[in-house]
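> predicted model and sequence follow; I will ask about them next.
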Amino acid sequence: MHDQYMQGFEGFGEAVSSRGVLELTAAKSVPLANWFMVVTLPAQEAYAPVGAMLQRIFIGALVLTLLAGALTWWVITRLLQRQLAPMLVATRTLAALANNPEPVTALPVAREDEIGELIGGFNRLLQTLRQREAKLELAASVFTHAREGIMITDPAGRIMEVNEAFTRITGFTSSEVLGQNPRLLGSGRHDAAYFETMWATLNRQGHWYGEIWNRRKNGDVFAELQTISAVRDTTGAVQHYVSLFSDITDQKAHESELDRMAHFDA
């Protein structure tokens with residue numbers, strides 16, 4: 001810059017001094033004395049207020065950004081809580097179903113948007129679950145209190161469940177027969193052809209009905225009037241076999257006595 005000033009340049013600019021310091025310089029000619037006046041100021045000192053101002057602006061902008069972010073987060077959180085509150089209630093209700101023996105009441109539908117439709121669907125689900133639960137309770141009550149013996153097996157013939165009447169008629173408890181084959185009740189009075197015919201009818205028609213002689217736990221042989229039904233899934237595969245039977249030993253004895261008396265009178 002000094003050479004430019006010597007050539008008559010008037011103005012300001014940046015230059016590096018002989019000490020290697022960046023300086024701001026300004027020059028003005030003095031025509032009467034044929035001089036020029038130069039003023040210098042280290043650039044670091046000159047720019048210090050600007051740097052401080054930029055630093056304050058940056059800190060202020062950062063603080064405002066953080067405040068705006070926090071405010072935005074708070075507003076969005078409140079909006080989401082308000083929007084999703086019905087869904088949270090539904091979620092807690094579903095979680096409580098497993099451990100709550102009391103019937104769950106339908107949730108109020110106070111909105112007509114997607115959330116309201118979701119809550120309405122949840123209420124319909126609750127209604128369906130209550131209906132299914134009522135049917136299961138009815139089926140369990142019938143199973144438990146039926147006067148007829150009931151035995152349920154898997155497709156392989158392993159006993160899965162029996163009711164109280166089964167124990168009363170056969171003498172075998174549930175723990176004694178679960179996992180066993182119904183052959184443990186066999187009396188030995190029927191040959192293989194009898195059971196082949198029974199299974200052929202069961203597989204062809206889905207059920208079998210007839211009389212069969214079985215043996216109680218104490219060894220007594222008794223007569224049953226039995227119905228066996230195959231329970232199939234939607235593909236037609238057998239899931240269970242259900243046997244429903246009643247003890248007709250006294251009836252058979254009475255019939256035998258009547259038959260004996262008829263032959264005796266003849």
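Noted; the coordinates are in hand.

> what about the strands in the chain?
In chain order, the chain shows strands spanning 11-16, 22-30, 35-42, 149-153, 159-162, 207-215, 221-232, 238-247, with DSSP state E as the criterion.

> and the angle for the longest one with strand 149-153?
This means strand 221-232. Here strand 221-232 points in a direction 50 degrees away from that of strand 149-153 (axes from the mean of the first three to the mean of the last three C-alpha atoms, to 10 degrees).

> ok now strand 221-232, how far from the chain's centre?
39 Å (C-alpha atoms, centre = their mean, to the nearest Å).

> parallel or antiparallel, list what pairs with that strand.
According to DSSP bridges, the neighbouring strands of strand 221-232, each with its direction, are strand 207-215 (antiparallel), strand 238-247 (antiparallel).

> so for that strand, mean pLDDT?
The average pLDDT within strand 221-232 is 95.

> for the last one, same thing?
What strand 238-247 shows for mean pLDDT is 95.

> run through who's touching that strand.
Strand 238-247 has contacts (C-beta atoms under 8 Å, 6 or more residues apart in numbering) with 146-155, 157, 160, 169, 182, 202, 212, 222-233. In this view, the C-beta of every residue, glycine as well, is placed from N, C-alpha and C.

> apply 7 Å and report the result again.
Strand 238-247 is contacted by residues 148-155, 169, 222, 224-233 when judged by C-beta atoms under 7 Å, 6 or more residues apart in numbering.

> for residue 121, see how far away residue 85 is.
17 Å (C-beta to C-beta, to the nearest Å).

> for residue 209, same thing?
Spatial separation of residue 209 from residue 121 under the definition C-beta to C-beta is 44 Å.

> which one's more surrounded, the two?
residue 209 (14 against 11; other C-beta atoms under 10 Å).

> name the nearest residue to the more buried one, ignoring sequence neighbours.
The shortest distance from residue 209 to any residue other than its chain neighbours is 4.9 Å, reached at residue 227 (C-beta to C-beta, 6 or more residues apart in numbering).

> quickly list what that neighbour is bridged to.
Per DSSP bridges, the residues bridged to residue 227 are residue 209, residue 244.

> ok, the one 4 residues further on next?
When assigned by DSSP bridges, residue 231 has beta-bridge partners residue 240.

> and it, how far from residue 181?
18 Å.

> then residue 244?
18 Å.

> do residue 45 as well
Counting by C-beta to C-beta, the separation of residue 45 from residue 181 is 104 Å.

> and if you look at residue 175?
Counting by C-beta to C-beta, the gap from residue 175 to residue 181 is 16 Å.

> so the two - more neighbours on which side?
Higher neighbour count among residue 175 and residue 181: residue 181, with 13 against 8, using other C-beta under 10 Å.

> check contacts around that one.
So residue 181 contacts 157, 158 (C-beta under 7 Å, 6+ apart).

> got the phi and psi for it?
phi -90, psi 140 (degrees, to the nearest 10).

> could you check the pLDDT of it?
According to the model, residue 181 carries a pLDDT of 95.

> what do you get for the one 3 residues further on?
With respect to pLDDT, residue 184 has a value of 94.

> ok, now residue 86?
In this prediction, residue 86 has a pLDDT value of 68.

> so how many other residues sit close to residue 129?
Neighbours of residue 129 using other C-beta under 10 Å come to 14.
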